[in-house]
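Undergrad: Predicted model, plus sequence, below.
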Amino acid sequence: MNYEMIRHFGAARVLSGQPPLALGRLAAMTLDERNAAYDAVAGHFAWNVTEYFENRPFTAFSILRDPLERICSFFNFVHRSTSHPANAIFKKRLKSLNDLTEALMRPHPIFFKEWSNYYTRAFSGLSIDRFVDGDSAKGVLGPAGFGATFDEARSLVEERIADRRLIIGEQPLIEAFLRDKGVLEGSLTHRNVAPKVDPAQSDYEVATVATLSPATRALLLEWNALDMALLGAVAPDSVRHRGVAVVGGGASPSA
């Protein structure tokens, strides 16, 4: 999608790149400068990026993947990408996704940012503090003590979907949206940023949902309880690998 946005608007008119650096550039500009400089934002940005373009109409969109499939893909991508910040720790500590433990996940921000309720944070614009006062408090939204709840986050997402400010779904739905807006002709192409690897020739165990151990699967479902519940509510077809999610302290089916 990033390629199509850049092709349509032009590279200079699309804000992209690593979010912390891109947001730093926006923060150094005035509102008028930001509005004059950019026509689109493309990349792994949360809803909060819209706050830099005050009073400007916009539509956010995203192709959804089942959370477990997304994590497996991310694991493989990091192992193939020597320039990724997490490559070193993956090569040293995580040759197999089934080596993942709670103790390994807790101290490393990469797991929290990318492998824990990514969609809920991105679409609501609320941060999630999974650990409050050193305790494992699943489903707590916002900085410690902020008090936002999952229901509030879900309501924000549902409201944005209803207003057509947020378009989410699987690839055919997003392709139709982009064609309607004149951004896309035909279908999205797969532009892999790293080559596919033959598992037999790899120095890591290529991850798929089918290769997850029961313990790893349970751990990832626990860390993504909010995403499983959110997607189960607003885009149930995108949640293929269902389990039991813990939201707000009570157990309920994730979808």
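TA: In hand now; what should we look at?

Undergrad: quick one: low-confidence ranges for the stretch 1-150 of the chain?
TA: 128-148 (pLDDT under 70).

Undergrad: try 50 this time
TA: 130-146 (pLDDT under 50).

Undergrad: ranges for the helices of it?
TA: 2-9, 19-27, 31-37, 67-80, 87-93, 102-105, 109-115, 118-124, 150-162 (DSSP state H, counting those that start in this stretch).

Undergrad: Minimum distance to G186: which of those helices has it?
TA: helix 2-9 (10.1 Å; C-beta to C-beta). To be clear about C-beta, it is placed using only N, CA and C from the backbone, and glycine gets the same treatment.

Undergrad: thinking in terms of the whole chain, how far from its middle is stretch 70-83?
TA: In terms of C-alpha atoms, centre = their mean, to the nearest Å, the centre of stretch 70-83 is found 14 Å from the chain centre.

Undergrad: Kindly report the same for stretch 151-168.
TA: Centre to centre, stretch against its chain (C-alpha atoms, centre = their mean), the figure for stretch 151-168 is 16 Å.

Undergrad: quick one: average pLDDT of it?
TA: Confidence for stretch 151-168, expressed as mean pLDDT, is 93.

Undergrad: Flag every buried residue along that stretch.
TA: Residues of stretch 151-168 classed as buried by neighbour count (16 or more other C-beta atoms under 10 Å): 153-154, 156-157, 160-161, 166-168.

Undergrad: Looking at these, which two lie furthest apart in space?
TA: Going by C-beta to C-beta, the pair spanning the buried residues of stretch 151-168 furthest: A153 and I167, at 18.1 Å.

Undergrad: I'd guessed H8 sits against V183; true?
TA: Yes - look at H8 against V183 with C-beta atoms under 8 Å: they come within range, at 4.7 Å.

Undergrad: L166 and S73, how far apart?
TA: Applying C-beta to C-beta, to the nearest Å, the value for L166 to S73 is 22 Å.

Undergrad: try D227
TA: 15 Å.

Undergrad: Settle it for me: which of these two has more neighbours?
TA: Between D227 and S73, counted using other C-beta atoms under 10 Å, the more crowded position is D227 (27 against 13).

Undergrad: re earlier: just the buried residues of stretch 151-168 now: which is nearest I174?
TA: I167 (6.8 Å).

Undergrad: Thanks a lot, see you next time.
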